[in-house]
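Colleague: Give me a model of this one.
(2 chains)
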Amino acid sequence: MPPNDLAVDYVLGELSHEDAATFERRLAGDPELAEEVRRLRATLGLLPFATVTEPPPHLRARVLAAGRASAPARTSAPRRVVWSRFAAAAAAVLALAFGFDAYRVRRDLALERELTATLHEPNVVRSFALAGTGGAYGTVALDLDAKRGAVVVKGLRALPPGERYRLWAQVGERSVFCGEFGASAAGTIVAQFPVPVESYTAPIAKLFLTKESTPRGPAPAGPTVMESA
Amino acid sequence: MRSPAPTDYASQYLDLRRTGEDETVSAEPSDEVLLSALGTDRAALGPLYDRYGGLVYGLARAILQSQDEAEDLTQEVFVMLCQGTTYDVRRGSLGAFLTTLTRSRAIDRLRRRGRRLRILRASWRSAPPPDVPAAPVDRIATRQCSERVRGAVAELPANERRVLEMVYYQGLTQAEIAATLDAPLGTVKSWCRRGLLGLRAALADLVE
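Modeller: Down below sits the predicted model:
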């Protein structure tokens, strides 16, 4: 397929995850193509300007009244953080776990900028900081649209044979299985996992990592070693 | 679109800036000035609404296909702006920020309605890179930009326009569009490609 056609399919989200990943690797080595992708995205980003519509006259007073009545700047961070600092962190997690050489790519192509832009879209990517006993820490990023997630954890204990770490999402009253991992000898997990969005029937209350020694069942059996704030 | 009101506000927050390539000088306060004032003075919301209300409302309505819901969402978006938003002027134009915010919130609402939404992919990928300073769109008024984009869209062959709208506002995949239009998938794909490439060519000066 000609590169431009591929770029259009990529920008329109028509590529499979595998093809998109392949294309992203190609972008990393082809600044011209990356520039074309940027232009196509920007073009798509202009489409809303075609829908500019004079709002009904009463709406102005209503919006201004609601603005006056609204509380001042929030005091706590929103649960769903997307702009700026979390996006950068989540971008790094995704880049690591999805096999980008994040730093090289960043330098060469500013793909990190694009990833960050990607992550700016609220509702698409959610990131969770995990903390555990013994100083383990990590981040999980969920891209609900691409149906994939990534986890990076450091400071875990390596497990004896027969034991595994399992990541779960608490969704309503249920625990949804995310993935099963071993930790490296250095106590690190870097992995990605599929995200079956249809399982997420309610907002994610928290993510947690358990240590398991039994075959996987529908719910965690072992102790929780890390969980999101 | 209502033109921005040159009220007392303007004189209070006078900020001379160039608004276009014709180098005309405007006495209207810049977005940045209005936004920073908004934290302490909600009167700054008026000019911002006048500037972007049509963009936010129009997009909300195009996606939600409901005037009531579009009004609710418009209110929600501007209230968010009042509540110390996460908008960072260094990361791109306010217009781009507001369309991103509006689109994502509209999509959220559609999701709650249970509609299937491939639009997410298209929309997040379309978000302009955040740290590109002063995209040309920043320098021309929303109304002018709207006319340009409307014109370019109108120039597209009907099929190309139609499939792009189905992708963008209805969140359909090309396969779904093919089924809906009873057209071969390959044809739909080439309409999409030609449509987007055509728009890119027509709006080249705005996306360079």
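Colleague: So which elements touch the helix or strand containing B:Ala96?
Modeller: Element membership for B:Ala96, per DSSP states H and E: helix B:94-112. Packing contacts for helix B:94-112, counted by 3 or more CB pairs under 8 Å, 6 or more residues apart in numbering or on different chains; DSSP states H and E, involve helix B:45-64, helix B:67-82, helix B:119-126, helix B:136-139. C-beta coordinates here come from the backbone N, C-alpha and C atoms, glycine included.
Colleague: and those helices, which one's lowest on average pLDDT?
Modeller: Among these, helix B:119-126 carries the lowest mean pLDDT, a mean of 38.
Colleague: got the CA positions of the helix ranked longest in chain A in CSV?
Modeller: Identified as the longest helix of chain A according to DSSP state H is helix A:31-46. Extracted in CSV, the C-alpha atoms of helix A:31-46 (Å, rounded to 0.1, in the frame of the first residue of the first chain):
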residue,chain,number,x,y,z
PRO,A,31,10.4,12.0,9.3
GLU,A,32,8.7,12.8,6.0
LEU,A,33,6.0,10.3,6.6
ALA,A,34,5.7,11.4,10.2
GLU,A,35,5.2,15.0,8.9
GLU,A,36,2.5,13.7,6.6
VAL,A,37,0.7,12.0,9.5
ARG,A,38,0.9,15.3,11.4
ARG,A,39,-0.7,17.2,8.6
LEU,A,40,-3.4,14.6,8.1
ARG,A,41,-4.2,14.7,11.8
ALA,A,42,-4.2,18.5,11.7
THR,A,43,-6.6,18.4,8.7
LEU,A,44,-8.9,16.1,10.6
GLY,A,45,-8.6,18.4,13.6
LEU,A,46,-10.0,21.2,11.4
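Colleague: May I ask which helix or strand of chain B has the lowest mean pLDDT?
Modeller: None of the helices or strands of chain B scores lower by mean pLDDT, DSSP states H and E than strand B:17-18, at a mean of 34.
Colleague: Apologies, that question was intended for chain A.
Modeller: Scanning chain A with mean pLDDT, DSSP H and E, the lowest is helix A:102-109, at a mean of 31.
Colleague: Now the residue of chain A most remote from its centre: phi and psi?
Modeller: Here chain A reaches farthest from its C-alpha mean at A:Pro57, the gap being 39.6 Å by CA atoms, centre = their mean. The phi and psi values for A:Pro57, taken as degrees, to the nearest 10, are phi -60, psi -30.
Colleague: To which secondary structure element is the residue nearest to A:Leu167 when sequence neighbours are not counted assigned?
Modeller: Counting by CB to CB, 6 or more residues apart in numbering or on different chains, A:Leu167 lies nearest to A:Cys178, which is 4.1 Å off, once chain neighbours are set aside. Per DSSP H and E, A:Cys178 falls inside strand A:174-181.
Colleague: Mind listing the strands that strand pairs with, and their directions?
Modeller: strand A:164-171 (antiparallel) (DSSP bridges).
Colleague: hmm, back to that, kindly provide the distance from the residue farthest from the centre of chain A to B:Gly46.
Modeller: Relative to B:Gly46, A:Pro57 is positioned 14 Å away (criterion: CB to CB, to the nearest Å).
Colleague: What of B:Met80?
Modeller: Distance from B:Met80 to B:Gly46, by CB to CB: 16 Å.
Colleague: Kindly report the same for B:Tyr52.
Modeller: Going from B:Tyr52 to B:Gly46 by CB to CB gives 12 Å.
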